[in-house]
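**Student:** what follows is a predicted structure for the sequence shown.
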Amino acid sequence: MPKKKKTLLKSSRAGVGRKKIAPKSKPKAKARPAATVPPSGSAQPVKLFKEAILRHLKSSFARDPITATKNDWWLATCMAVRDQLLARYIDTQSQHSSQNVRRVYYFSLEYLMGRVLSNNLVNLGLRDVATRALADLGQDLEAVTEEEADMGLGNGGLGRLAACFLDSLATLDIPAVGYGIHYEFGLFRQTFVNGRQVEVADNWLSNNNPWLIRRPNFRVTVPLYGHVIHTTDDRGNHHASLTETKDLLGVPWDIPIAGFNASSVNFLRLWESKATSEFDFRAFDRGGYVEAVRDRDASETVSKVLYPNDNTESGKELRLVQQIFFVSCSLQDILRRHLRLNPSWANFPDKVAIQLNDTHPAIAVAELMRLLVDTERMHWDQAWAIVSRVFSYTNHTLLPEALETWSVPLFEKVLPRQLEIIYEINRRHLDEVERQWPGDDAKKMELSIIQEGQPKRIRMAHLAVVGSHHVNGVAELHTRLLRAHLFPAFDELWKGKFINVTNGVTPRRWVRGCNPRLSTLCDEVAGPGWEVDLSKLRKLDAVAERPLFQDRFLAIKRENKVRLAARIRELVGVEVSPDALFDVQIKRLHEYKRQHLNLLHILHLYRRMLNEPHTQFTPRVCIFGAKAAPGYALAKHIIHAINRVGAVINSDARIKGQLKVVFLPDYRVSLAEVIIPAADLSEQISTAGKEASGTGNMKLALNGAVTIGTLDGANVEIAEEVGDENIFIFGLEVEEVEALWSRGYHPRAVLEADSELAALLDWLRSDTFTPEQAGALSPVVDSLIEGGDPYLVLADFRSYVEAQSRAEKAFLDRRRWAAMAIRNVARCAKFSSDRSIGDYARLIWKTKSHPIPR
């Protein structure tokens, strides 16, 4: 029997098994019925949609049905959808302006949007209409949607969360604008060569994008570099201004964002960088052809690529320029909109709520002060009273290396005026600290925005905390650790500033869109409208033990697995059985997420199969999807190790296909939409205390995958909701991790006590998996021994193996597994992004819904 877990949170483990009917808090928004789809006999919408496709095929793209390619059909279908989307968008924005509503402005450096056509079809209630219209035209909707490239605007969970939040803001009729960068290239497309990750440019705009709307009339100018001049006017007032700057032009592109049933259509505004002067004619005239466009090319680099490599000084500088560029453009846009609708700044905090998604946009605090004080000539105290009432900040990490800091010399070079403002903000902030803790220099050093050292550094998370009225964590455990370990003095200084808003995912994309068969089953049991009220899925609890319902549920899961098996064969050429346990770990590649712990378990299974040839093992397919940052060497070594071990296992006839390992290249939203509905076991195995929340765990559980995980991030709350009997928990808890490090952790001692684990590491280090280069996988092993095993992979290994054994036994009991999977679907209402956004609106933004009449 697994040991009983201790209480982690005051309200946590003691109630894990309780049946909860609904989330703790719900958005104050009127639930709307599910989007209606015309019945098969309703021909008029299909006829009109088909006519719209043909009209755009001809008038927008100069094609006819005979010569049109799949890409032409995709573009024409998008335009037919866009016609309806824009009509609703115009109504929404007109109503928001005429009512002068309070708007939420969401600042995020990334948005992992995925494909837009399929999502808009779901939210506009047009999927069945489009399916039938295209079928009448000899086309298949699924094949047409495959033509769309995922938008290259994000990387991992941070960007996907932002995309889910935009969906929920529109669905809940909350007026909102998302702000980000119009990247020409995404992070990268991932391929594998001899098992190693190779990065290829992600030119996601190469085939046009019909959802983007250019708005050159709203362009703005962003000053960079230069020098600060301080002057005093004839009334004795002090002013600061910049001279000899290098200016960037920000040109906005808008993407309409439809809520479910298309009541409201908000928008995402993305900034493209341009030179203020496109062309130096005099340089061209004297023969300097390259020189003539040099400034233009340098300026456009700013929005060229998501996350430039910051291992070099030039890379760091470019990232800082990216951040100030998108923040300044967005703030100027907000100020313009406010002055168009309001006569003064007096009500600015009543009309504007700005959410900083992590520390990337934290420079907004200083930039808004610059715009108000220097441009609008506002007194400092008046400006700070505005700034400190409009910003709120979401922290997404407890990892110190992920808390962004900038060197003062770099900041002084690129943003000299903002540096002066930050020093003044910090001076006044430390005066408050002195009043609270007189003479406590250690407290001042802890709370200062400026970190002392050579060189001094600016702590952007501190700037965000000081400049925001609320700071939130993204899971109950994360928020507790945020207050106790990351910002304890700030929490003591400002009681009530730190609160929790657990993350969520949109059920429109992550169930209705990606798992239509399961959605139909949910419709039958839960009735209409569960997409906007996930608590309705609790009705599945009542039928979870019924064999006939279980059979239907498992048949849907198997169909999804057949689909994924076909995609696996297409992408990596490996045949897998849909009857095997599909064991899935899909997330950004990082040591703390511990993909290498999963790898050690795979080696454990493989070794047992080789040494116990007469034992019948549970057939298993281990499925990975992840990208490693180009400069993150160890993460790339882990990818290489998984691929090389998988290649050997997949070709070994001795194990009779009982174990397969596949690493699917170029993990992205559209691939996740195929993997998640097919998953049986969801790997959420980060070191306790390292994962802020996670959202992949929520998507997988909502699609009927059972979690195997540590008590980390939102896993704690998932366990509370689904019950201990429907999840496999293992590993050290947060307090145990802290105690282990306190008394001294020695990886070699673990290996001395576990001879099998030591043998697995020796095997991985040998030439078994890389015969052409002995020791090629040693960096992974070295990180666990000589590197000190910073994420306790070896310490948690044995507990992980035992949890995997429990999962295997449960999977072999078909009835038990079906009930567990169904209850995961039924009990995940808390993890809707609608609940998250409702909490933000109620606790932080103090905003309300504005339904748009039809």
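**Tutor:** On my side now, so go ahead.
**Student:** just the buried residues of the helix or strand hosting Ala566, please?
**Tutor:** Assigned by DSSP states H and E, Ala566 falls within helix 547-572. For helix 547-572, a neighbour-count test (16 or more other C-beta atoms under 10 Å) marks 549-550, 552-554, 556-557, 560-561, 563-565, 568, 572 as buried. To be clear about C-beta, it is placed using only N, CA and C from the backbone, and glycine gets the same treatment.
**Student:** just curious, which of those residues is nearest to Arg55?
**Tutor:** Using C-beta to C-beta, Arg563 is the member of these that lies nearest Arg55, at 33.1 Å.
**Student:** now do Val716 against Lys830, distance only.
**Tutor:** Using C-beta to C-beta, to the nearest Å, Val716 is found at 12 Å from Lys830.
**Student:** again, but for Leu761
**Tutor:** 40 Å.
**Student:** which one of the two has more residues nearby?
**Tutor:** Taking other C-beta atoms under 10 Å, Leu761 and Lys830 do not tie; Lys830 has more neighbours (23 against 20).
**Student:** OK, contacts around the residue nearest to Gly467 when sequence neighbours are not counted?
**Tutor:** Counting by C-beta to C-beta, 6 or more residues apart in numbering, the nearest residue to Gly467 once its immediate chain neighbours are dropped is Val365, at 3.3 Å. With contact set as C-beta atoms under 8 Å, 6 or more residues apart in numbering, Val365 has these partners: Val387, Phe391, Ile425, Leu463, Ala464, Val466, Gly467, Ser468.
**Student:** same check, this time on Lys413
**Tutor:** Each residue near Lys413 by C-beta under 8 Å, 6+ apart is listed here: Tyr225, Glu317.
**Student:** please, which helix or strand holds it?
**Tutor:** Going by DSSP H and E, Lys413 is part of helix 408-414.
**Student:** that helix: what's the following helix or strand?
**Tutor:** helix 416-436.
**Student:** any idea how far Arg55 lies from Asp64?
**Tutor:** Counting by C-beta to C-beta, the gap from Arg55 to Asp64 is 12 Å.
**Student:** who's more crowded, those two?
**Tutor:** Shown here are Arg55 and Asp64; by other C-beta under 10 Å, Arg55 has more neighbours (14 against 11).
**Student:** are we agreed that the more buried one is in a helix?
**Tutor:** Yes - assigned with DSSP: H, G, I helix; E, B strand; the rest coil, Arg55 falls within a helix.
**Student:** so where do the helices sit in the stretch 1-150 of the chain?
**Tutor:** 43-59, 70-99, 117-123, 127-136, 141-145 (DSSP state H, counting those that start in this stretch).
**Student:** ok, now the stretch 251-400 of the chain?
**Tutor:** Going by DSSP H, counting those that start in this stretch, the stretch 251-400 of the chain shows helices at 281-285, 289-292, 294-300, 313-341, 348-351, 364-370, 380-390.
**Student:** and stretch 184-191, how far apart are its ends?
**Tutor:** 20 Å (C-alpha to C-alpha, to the nearest Å).
**Student:** please read the previous query as pertaining to stretch 470-482.
**Tutor:** Span of stretch 470-482 from end to end, C-alpha to C-alpha: 13 Å.
**Student:** over to stretch 339-347?
**Tutor:** Terminal-residue distance, stretch 339-347 (C-alpha to C-alpha): 11 Å.
**Student:** quick one: it to chain centroid distance?
**Tutor:** 34 Å (C-alpha atoms, centre = their mean, to the nearest Å).
**Student:** flag every buried residue along that stretch.
**Tutor:** Trp345.
**Student:** mind saving the C-alpha coords of the biggest strand by length in the chain as PDB?
**Tutor:** Secondary structure assigned by DSSP state E gives strand 246-258 as the longest strand of the chain. The C-alpha coordinates for strand 246-258 follow below in PDB (Å, rounded to 0.1, in the frame of the first residue of the first chain):
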ATOM      1  CA  LYS A 246      17.000  55.600 -32.300                       C
ATOM      2  CA  ASP A 247      13.200  55.400 -33.000                       C
ATOM      3  CA  LEU A 248      11.200  52.300 -33.800                       C
ATOM      4  CA  LEU A 249       7.800  52.400 -35.500                       C
ATOM      5  CA  GLY A 250       5.200  50.000 -34.200                       C
ATOM      6  CA  VAL A 251       2.500  48.900 -36.600                       C
ATOM      7  CA  PRO A 252      -0.400  46.900 -35.200                       C
ATOM      8  CA  TRP A 253      -2.000  43.800 -36.600                       C
ATOM      9  CA  ASP A 254      -5.300  42.600 -35.000                       C
ATOM     10  CA  ILE A 255      -6.700  39.100 -34.600                       C
ATOM     11  CA  PRO A 256     -10.400  39.000 -33.700                       C
ATOM     12  CA  ILE A 257     -11.100  36.600 -30.700                       C
ATOM     13  CA  ALA A 258     -14.600  35.100 -30.700                       C
END
